[in-house]
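Q: structure of the sequence below:
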Amino acid sequence: EVQLVESGGGLVQAGGSLRLSCAASGFTFDDYAIGWFRQAPGKEREGVSCISSKDGRTYYADSVKGRFTISSDNAKNTVYLQMNSLKPEDTAVYYCAAGSFAILLPITYQYWGQGTQVTVSS
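A: Predicted structure coming up:
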């Protein structure tokens, strides 16, 4: 059974940091890209960052460049999203997903986690 389990969300003040984790199981981790997406109330789901498990290439949305860092521990089948200098507009449910291509397009991802809430207070 394919599982993606996010953790690490919570409430933080603006300027603070959080680290999200995505633990994957049930599929060959090295064959997939892992992406982080977020969805705020009333808004469409948007890509935040992704990493290719094959070559480690990383990609970021312009809105998070320089503040967020994605990394992967292939031995643990886990991907992390370090989020620094958080802003109230980063408030959303954050999802991790596994897909065939390391691009920030939700429709290309086959497997999804349940999400973790991130709330940034001003």
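
Q: could you find the closest non-adjacent residue to the most centrally placed residue in the chain?
A: Nearest residue to the geometric centre of the chain (C-alpha atoms, centre = their mean): Trp36, 2.3 Å. Among residues not flanking Trp36 along the chain, Val48 sits closest, at 4.4 Å (C-beta to C-beta, 6 or more residues apart in numbering). C-beta coordinates here come from the backbone N, C-alpha and C atoms, glycine included.

Q: with Gly16 instead?
A: By the measure of C-beta to C-beta, 6+ apart, the closest residue to Gly16 outside its immediate chain neighbours is Leu86, 5.4 Å from it.

Q: correct me, but the one you found touches Gly10?
A: No: between Leu86 and Gly10 there is no contact, the gap being 10.7 Å when judged by C-beta atoms under 8 Å.

Q: which helix or which strand is home to the residue nearest to Trp36?
A: Val48 belongs to strand 46-52 when elements are defined using DSSP states H and E.

Q: one step back: separation between the residue nearest to Trp36 and Ser71?
A: For Val48, the distance to Ser71 under the criterion C-beta to C-beta, to the nearest Å works out to 14 Å.

Q: before we move on, what about Ser121?
A: For Ser121 relative to Ser71 (C-beta to C-beta), the value is 26 Å.

Q: who has more neighbours, these two?
A: Between Ser121 and Ser71, counted using other C-beta atoms under 10 Å, Ser71 has the larger neighbour count: 14 against 11.

Q: now do the helix or strand encompassing the more buried one against strand 46-52, angle only.
A: When secondary structure is defined by DSSP H and E, Ser71 falls within strand 68-73. What separates the directions of strand 68-73 and strand 46-52 is an angle of 40 degrees, with axes from the mean of the first three to the mean of the last three C-alpha atoms, to 10 degrees.
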